[in-house]
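Q: Here's a sequence, model it:
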Amino acid sequence: MRKLAYVAALLAASPALATGLKIEVAGEGANGVIMIDLLEEVAPKHVEQIASLAAEGQYDGVAFHRVIEGFMAQTGDVVNGKVEGGNMAMAGTGGSDRGDLVAEFSEIPYERGIVGMARSADPNSANSQFFIMFTEYPSLNGQYTVVGRVTEGLDVLDKIKLGKGRNGAVIGAPDYMKSVTVTE
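A: This next block holds a predicted model:
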């Protein structure tokens, strides 16, 4: 009961927090919409950063640069990952002009449709990149910040162009986030 009161107080104190994202995906493989419920009560700082970047249009035109079959699709490099004007050879190495975030780990398991924050070996290095799970992957549990879950568009997720090799780098024209808007 105390946790519920805490979450209610947190939400009341932060009415500007987004509740979701609408991602319009385009490209050779996937075309359609993915709706994500952002879990601001689980990772408020990460959700705030993602929602701010989306509201500013920074995710528009950003590629799914790393897509591994049976694992996940990664996107969100707003520095290098733009399909027009970016540096696709460097996609996945950038973040944003905002600072990195301290991890907000939770007990939510990584399963199909969960959205997590990408990071380097440093747990406190998440910035703008995120990934969407194709399936469950227990080894990620408690190791990466969970920020949301797909509520619509898993069929679109399944059609995102797959990458090649162990690291899942997408070769040629990647599928991308044509537009990302914040939902309330």
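Q: Report the spatially closest residue to Val156, excluding sequence-adjacent ones.
A: Gly32 (3.8 Å; CB to CB, 6 or more residues apart in numbering). All C-beta atoms are positioned from the backbone trio N, CA, C, and that covers glycine.
Q: And that neighbour, how close does it get to Ala26?
A: Gly32 sits 9 Å away from Ala26, going by CB to CB, to the nearest Å.
Q: The residue nearest to Val156: neighbour count?
A: Applying other CB atoms under 10 Å, we find 14 other residues in the vicinity of Gly32.
Q: can you give me the helices for the chain?
A: With helices called from DSSP state H, the chain shows them at 2-13, 44-55, 154-157.
Q: tell me the pLDDT at the spatially most central residue of the chain?
A: Note on the chain: the residue nearest the mean C-alpha position is Phe130, at 3.0 Å, using CA atoms, centre = their mean. According to the prediction, Phe130 has pLDDT 98.
Q: list the contacts for it?
A: Applying CB atoms under 8 Å, 6 or more residues apart in numbering to Phe130 gives the contacts 50, 74-76, 115-118, 147.
Q: now, which of the residues you listed sits nearest Tyr176?
A: Thr75 (7.6 Å; CB to CB).
Q: My guess is that closest one contacts Met177. True?
A: Yes. Assessed by CB atoms under 8 Å, Thr75 is found in contact with Met177 at 6.0 Å.
Q: Pretty sure Met117 sits against Ala126.
A: Yes. With contact defined as CB under 8 Å, Met117 reaches Ala126; the gap is 3.8 Å.
Q: These two - which one has more neighbours?
A: The residue with more neighbours, out of Met117 and Ala126, is Ala126; 28 against 25, by other CB under 10 Å.
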